[in-house]
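Colleague: sequence first, predicted coordinates after that:
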Amino acid sequence: MIEAIIFDMDGLIIDSEPFWRRAEIAVFKTVGIALTEQDCRETMGYRLNEVVDLWHARKPWTSPSKEKIEEQILTYVQNLIATEGVALKGVVETLAMAKKLNLKTAIASSSAMNLIRTTVKRLNLESQFDVLQSAEYEDYGKPHPSVFIHTAEKLAVRRENCLVLEDSFHGMIAALAAKMKVITVPEESESRFNAAHLTLDYLDHERVKRFILSH
């Protein structure tokens, strides 16, 4: 029986993936790395430090530090969310449905906690979640399952009784590794998302509800 819904954030609650791509392309350009939109898509679901580590390993730069690059990207994205962020289709309805079914709710995101807080504030969703969990506090980011495992612990719900809503492949793998049910809402339909329990074109709260009631 499903007792809790765990939401990813970027690309699921808020259409921030374009913000991340804009930020990464702009900031990495300052150290001589010309990223494309596709380059950025390849690291969807990664923690920011993992993205910076990856590009530094492939095309090393000496200054500024990796930490400074992370800070610049984070600030860029945070400003975009605070001024341009909007909730994606179905988010508000899905949260309302969860409350009607007395389900616990959480966000488990690869993003830093200050970005999570900025997002829920911008979208007026601060009262809608029981737990906010960032992978920045984990030893490993997605596709490692630890962020989902610790979210379930904070919710006081058994892992197998959690439903994860994800848009990224790495997030799906992490949720499955945590032994949770997972519904994916990918940006583009791909066969690799077939491992999910259900895949949707958008966050259709009625289909999510039917899935919950049947499990």
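Modeller: Looks like it arrived, so ask away. Numbering: from 1, shown residues only.
Colleague: for the helix or strand bottoming out on mean pLDDT in the chain, buried residues please.
Modeller: Least confident helix or strand, the chain: helix 37-41 with a mean of 90, by mean pLDDT, DSSP states H and E. With burial defined by 16 or more other C-beta atoms under 10 Å, the residues of helix 37-41 counted as buried are Asp39, Cys40. For every residue, glycine as well, the C-beta is placed using N, CA and C.
Colleague: so how far is it off the chain centroid?
Modeller: 16 Å (C-alpha atoms, centre = their mean, to the nearest Å).
Colleague: could you say what helices and strands it packs with?
Modeller: Applying 3 or more C-beta pairs under 8 Å, 6 or more residues apart in numbering; DSSP states H and E, one finds that helix 37-41 contacts helix 17-29.
Colleague: averaged pLDDT, the helix it packs on. What do you get?
Modeller: For helix 17-29, the mean per-residue pLDDT is 93.
Colleague: please name every helix or strand in contact with it.
Modeller: helix 37-41, helix 66-84.
Colleague: which residues of the protein fall in helices?
Modeller: Assigned by DSSP state H, the helices in the chain fall at 17-29, 37-41, 48-58, 66-84, 91-100, 113-122, 146-155, 169-177, 205-214.
Colleague: picking up where we left off before, pipe the helices and strands packed on helix 17-29 into TSV and attach distance to Thr118 per row.
Modeller: TSV is the format used below for the helices and strands packed on helix 17-29 (distance: least, C-beta to C-beta, whole Å):
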stretch	distance to Thr118
helix 37-41	20
helix 66-84	5
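Colleague: most tightly surrounded among those?
Modeller: helix 66-84 (a mean of 16; mean count of other C-beta atoms under 10 Å).
Colleague: centre of the chain to it, how far?
Modeller: 16 Å.
Colleague: the inter-axis angle of that helix versus helix 113-122?
Modeller: 0 degrees (axes from the mean of the first three to the mean of the last three C-alpha atoms, to 10 degrees).
Colleague: quick check: angle from helix 66-84 to helix 48-58?
Modeller: Angle, helix 66-84 to helix 48-58, by the same axes, to 10 degrees: 130 degrees.
Colleague: which helices and strands sit right next to helix 66-84?
Modeller: For helix 66-84, the elements it packs on are helix 17-29, helix 48-58, helix 113-122, judged by 3+ C-beta pairs under 8 Å, 6+ apart.
Colleague: what's the pLDDT at the residue lying farthest from the centre of the chain?
Modeller: Most distant from the centre of the chain: Thr62, at 30.2 Å, with distances by C-alpha atoms, centre = their mean. On pLDDT, Thr62 comes in at 91.
Colleague: again with the one 5 residues further on
Modeller: The model reports Glu67 with a pLDDT of 94.
Colleague: ok so, going back, now mean neighbour count and distance to Arg207 too, for the helices and strands packed on helix 66-84, in TSV please.
Modeller: Formatted as TSV, the helices and strands packed on helix 66-84 follow (neighbours: other C-beta atoms under 10 Å; distance: least, C-beta to C-beta, whole Å):
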stretch	mean neighbour count	distance to Arg207
helix 17-29	19	22
helix 48-58	16	32
helix 113-122	18	24
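Colleague: tabulate these (CSV), appending distance to Cys40.
Modeller: Formatted as CSV, the helices and strands packed on helix 66-84 follow (distance: least, C-beta to C-beta, whole Å):
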stretch, distance to Cys40
helix 17-29, 4
helix 48-58, 8
helix 113-122, 16
